[in-house]
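1. Here is my input, please return the structure:
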Amino acid sequence: MLDTFTARYQAISSRDSRFDGRFYTAVSSTGIYCRPSCPARTPKPENVSFYGTAAAAQAAGFRACKRCRPEASPGSPDWDIRADLVGRALRLIADGVVDEGGIGALARRLAVSERHLHRQMVGEVGTGPLALARMRRAQTARMLLEATDLPVTQIAFAAGYSSVRQFNDSMMEAFGCAPRELRRRHRPAGPGADGEGDIVLRLQHRRPYADGPLVAFLAARAIGGVEEVTTDEDGRVAYRRSLRLPRRTGIATITPHPDSGFATLRLRLEDLRDLTAAVQRCRRLFDLDADPQGVDDALGGDPLLGPLVAARPGLRVPGHVDGFELAVRAVLGQQVTVKGARTLAERLVRKLGCPLAAPDGTLTHMFPSAEQVAADDLDGIGLTTARAKALRGISQAVADGAVVLDPGADREETERGLLALPGIGPWTASYIAMRALGDPDAIPVSDLGIRQAVASLGADGDAKAVARQAEQWRPWRAYAAMHLWTHLSAPAAATKDTNQDQNQDQSQDRDQGRDQDAARPLASS
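-> Now for the predicted structure:
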């Protein structure tokens, strides 16, 4: 519905917040650009131009509206669906690849020339990768100006600028005012509410947002020492965990406020230059850039899923902050209960995890790296020989770069690489694609929980029948899986002979035929 000027103009006329972040409105008579829901008076059609990204609007000479702050909109879900060159490039830019290694590093990661990449991005997005990276840098600087009382000079270098002059020029271009003026309008309350230097941000999302099932999903799988779910005295539930970031480490605390359209993120970082990477990973973890209305409209008309969508509008798919960690957890979850997999992961953390320099409550460790797991014999954890071999195999592949597990990866290439490894079958590969790669169309169709949920709804629960049924759920099959898992774990759906832990996460890698031990459950299950 957004393919025509008329449709977009109708969206801004009705101030429809569903389209915030999906396109931007630039007004030639004022020289500013806004989000579709901006409360300002609707401009005349002849003065309006539309852009796919904030960076494209800025590159065309427009500055951000000070009233609606379009640069802070949720990200566009359209690029998450796409697995092409431009979609991958946008996800990598958001992850900070350009800031770390420049446009050359981005082009090498995508195996194309810089010229070809620039041409493709200008054609699809309206601007090149450098302009997108500059906008990302300006957003980081603005977050630091408004959320901390750090000196402006320190913020400039933390955001990635090479000089204060470059910083000032960039902020004038993006926001139409100097950094100190931005700070005067949004004076921070101090260095964190607890006085310990935390950075507190609001991460916006589209509504509705069903936070309960997502937090319950994460809580059931929380690894002691690495993550936890807490409840404060006001009854607000928060998810906390340690983060491995490009430069150093950090602690993140995420508290959803679904009725208000945002989640509060509290960050404690060892290196402020990791701010944007930490924010982006937390957004992926809580699926804050999703288009809930689009997903619900697509799945709500399905006879099988319709009642589930109506019961839980805005259900999200939990992502992850570390693709390798998610892959390890997927392997550990093969043929065991959720509780059993969590126990194995905690043993792995105690054996190989790096202690935090300053423990934060129950958070004491970082999850081990791929290099650490690949080099260890994995004795004393409780793994079968085949499962330990699978774990070392995927760890070595990630450490060597043979398998890439981040949202910028080529999804088809990654799946082929995973399936070539010993002990990795279709269930594991699909689960990794669903949560680590952020593929909204990935679904482990052979999952026992999904099959039992389908059967409980009166349909054929055979794996092949479920696979045929799932074709009708494209391109949102990951969301369909979450609806089915959530339905099965609800008290009304539980049956006398059904173990809920087994239903949600039990692997069906029996069909791979490479390792007989991979098909047998561990004793702890």
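
2. Pull out the buried positions in stretch 154-165.
-> When neighbours are counted by 16 or more other Cβ atoms under 10 Å, the buried residues of stretch 154-165 are found to be Ile155, Ala156, Ala158, Ala159, Gly160, Tyr161. Quick note: C-beta positions are derived from backbone N, CA and C, even for glycine.

3. Run a quick check on the fifth one versus Asp99, I expect a contact.
-> Yes. Here Gly160 reaches Asp99: they are 4.9 Å apart, a contact under Cβ atoms under 8 Å.

4. Narrow the buried residues of stretch 154-165 to those in helices?
-> Of the buried residues of stretch 154-165, the ones assigned to helices by DSSP state H are Ile155, Ala156, Ala158.

5. Who are the contact partners of the second one?
-> In other words, Ala156. With contacts defined as Cβ atoms under 8 Å, 6 or more residues apart in numbering, the neighbours of Ala156 are Ala141, Ser163, Val164, Gln166, Phe167, Pro179.

6. one more time with 7 Å
-> Counting by Cβ atoms under 7 Å, 6 or more residues apart in numbering, Ala156 touches Ala141, Val164, Phe167.

7. what do you get for the first one?
-> Contacts for Ile155 were tallied using Cβ under 7 Å, 6+ apart; they are Ala141, Leu144, Leu145.

8. Kindly provide the distance from it to Arg137.
-> According to Cβ to Cβ, to the nearest Å, Ile155 and Arg137 sit 11 Å apart.

9. Which parts of the stretch 351-500 of the chain are helices?
-> Counting by DSSP state H, counting those that start in this stretch, the stretch 351-500 of the chain has helices at residues 370-375, 385-400, 411-419, 426-435, 448-456, 463-470, 477-489, 500-505.

10. among those, where is the model least confident on average?
-> Looking over the helices of the stretch 351-500 of the chain, mean pLDDT reaches its minimum on helix 500-505, with a mean of 41.

11. Quick check: closest non-adjacent residue to the residue nearest to the spatial centre of the chain.
-> Centroid-nearest residue in the chain, with Cα atoms, centre = their mean: Arg284, separated by 1.2 Å. Counting by Cβ to Cβ, 6 or more residues apart in numbering, Gly319 is the residue found nearest to Arg284 once chain neighbours are left out, at 3.9 Å.

12. now swap in Gly353 and tell me
-> Nearest non-adjacent residue to Gly353, counting by Cβ to Cβ, 6+ apart: His365, 3.7 Å away.

13. hang on, isn't that neighbour packed against Ala357?
-> No. Between His365 and Ala357 there is no contact, the gap being 11.2 Å when judged by Cβ atoms under 7 Å.

14. Looking at those two now, which is surrounded by more residues?
-> Set side by side, His365 and Ala357 give different neighbour counts by other Cβ atoms under 10 Å, the larger being at His365 (19 against 8).

15. What residues does that one make contact with?
-> Under the criterion of Cβ under 7 Å, 6+ apart, the neighbours of His365 are Gly225, Val226, Ser242, Val349, Gly353, Cys354, Pro355, Leu356.

16. Check the secondary structure at the first one for me.
-> Under DSSP: H, G, I helix; E, B strand; the rest coil, Gly225 falls in the coil class.

17. Next one: it from Ala341, what distance?
-> 15 Å.

18. And the third one, by the same measure?
-> As for Ser242, its distance to Ala341 is 19 Å (criterion: Cβ to Cβ).

19. Which phi and psi values does Gly224 adopt?
-> Dihedral pair for Gly224: phi -60, psi 130, per degrees, to the nearest 10.
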